[in-house]
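> sequence and predicted structure are below.
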Amino acid sequence: MFRSALGKTLGFVGYTIQYGCVAHCAFEYIGEFVACSGPSMEPTITSHNVVFSERLSRHLCRIENGDIVIAKSPFDPHMNICKRVIGLEGDKVCTSGPSDVFKTHQYVPKGHVWLEGDNLRNSTDSRSYGPVPYALIRGRVCLKLWPLHHVGALNQSPTGRVVRRSD
Amino acid sequence: MKRCNDVCCVCVGGEMFRSALGKTLGFVGYTIQYGCVAHCAFEYIGEFVACSGPSMEPTITSHDVVFSERLSRHLCRIENGDIVIAKSPFDPHMNICKRVIGLEGDKVCTSGPSDVFKTHQYVPKGHVWLEGDNLRNSTDSRSYGPVPYALIRGRVCLKVRRGTSPDPSHIHFNL
């Protein structure tokens, strides 16, 4: 009886591990649900919104200017940040504020992206910590799922700071 | 009689197709399952890495194969002196293999040994300072600055030497 109970337990554990691994790979390669918090992406995404972030664009390097991405924070490997891609590698981004007299610019280095929140007054982003390595990006936000009355695709950038690419 | 045979042939053909389809789907299902388990093993336990380049000589030479364990990175147990595999900050498809010289908050010396004035820098929060062992031939944090901790993939703990040595039992522990 003990052997049969042990066999059943091991079988159960084996199945759990198998399906846990399959679920992990689905979240890793297809997409994941993300609960956002913080004011840095208002009005596009507000605190306690739930979004769906797809992973395929990141793996196939199809992230473009204007996309909202989930990335690992450069300052805390356990935290994630949700920002909009303003510039890709090689783009010239404006690093000065709208109220500055002298406009300063910076070129985004190879393998990096320039991220900014939509709520420019209340967002810590590349304007403070510089360009972020592309490898830190986890996925591209493509759908808002909560609250229910706002389900659907996300809006374009309200700030007008996204770099327009000629090609 | 002939029509009955025809109908039976169609029935048998249909059943064979369905069983072949079922077997194929079952095979695909098993492949996906075990592929996912293998992927998670490489993701959370460790992976074998073939190194190339001179930047870690003499510790690791080109074409050496090392084993990089993932647990230290997930449990945040990377320490000064560890050799790590990390994603390159300049190419998300490339990996780099360097030694951790400083953790967040550490003061690292950014000037060369031949410089008269020594300059220092503090490693910012969430970053590490990486340098190759072959200082003359290594592009590392001295050129591209501190690297975010989140780019680290794993800690190299074992070397399985390859290349010129024909004896496969050259295994080194604790680099």
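Now that the structure is in, tell me what you want to look at. Numbers count the residues shown, from 1 in each chain, chains lettered A, B, ... in the order given.

> how many neighbouring residues does A:Arg161 have?
Applying other CB atoms under 10 Å in any protein chain shown, we find 17 residues neighbouring A:Arg161. All C-beta atoms are positioned from the backbone trio N, CA, C, and that covers glycine.

> in space, what's closest to it - neighbours in sequence excluded?
Excluding its sequence neighbours, the residue lying closest to A:Arg161 (CB to CB, 6 or more residues apart in numbering or on different chains) is A:Ile86, at 5.5 Å.

> just checking, that neighbour touches A:Leu120?
No. A:Ile86 is not in contact with A:Leu120 according to CB atoms under 8 Å; the separation is 10.6 Å.

> neighbour count winner among these two?
Between A:Ile86 and A:Leu120, counting by other CB under 10 Å, A:Ile86 is the more crowded of the two (24 against 15).

> against chain B, how distant is that one?
Distance of A:Ile86 to chain B, computed by CB to the nearest CB, to the nearest Å: 18 Å.

> need the phi and psi values for that residue.
Main-chain dihedrals, A:Ile86, degrees, to the nearest 10: phi -100, psi -40.

> pLDDT at it, what is it?
Note on A:Ile86: pLDDT of 93.

> cool, and A:Thr16?
At A:Thr16, the model reports a pLDDT of 92.

> mind checking the SS state of it?
Here A:Thr16 is recorded as helix under DSSP: H, G, I helix; E, B strand; the rest coil.

> just the one 5 residues further on next, same as before
Secondary structure assignment for A:Cys21 (three-state DSSP): helix.

> so what's it up against?
Residues near A:Cys21 by CB atoms under 8 Å, 6 or more residues apart in numbering or on different chains: B:33, B:36-37, B:39-40.

> give me the three-state assignment for the residue nearest the centre of chain A.
Centrality entry for chain A: nearest residue to the mean C-alpha point is A:Ile70, 1.1 Å, by CA atoms, centre = their mean. Using three-state DSSP, the secondary structure recorded for A:Ile70 is strand.

> shared neighbours, A:Ile86 and A:Leu120?
A:Arg161.

> who in chain A is up against chain B?
With CB under 8 Å from any CB of the partner chain as the criterion, chain A comes near chain B at residues A:17-18, A:20-22, A:24-25, A:28, A:61, A:72-77, A:109-112, A:133-136.

> beta partners of the residue nearest to the centre of chain A?
With DSSP bridges as the criterion, A:Ile70 is bridged to A:Cys82, A:Gly139.

> give the contact list for it.
Applying CB under 8 Å, 6+ apart to A:Ile70 gives the contacts A:34, A:53, A:80-82, A:137-141.

> dump the residues you listed to a markdown table, plus pLDDT.
A markdown table is the format used below for these (pLDDT from 0 to 100):
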| residue | pLDDT |
| --- | --- |
| A:Val34 | 91 |
| A:Ser53 | 93 |
| A:Asn80 | 93 |
| A:Ile81 | 94 |
| A:Cys82 | 94 |
| A:Ile137 | 94 |
| A:Arg138 | 93 |
| A:Gly139 | 94 |
| A:Arg140 | 94 |
| A:Val141 | 93 |
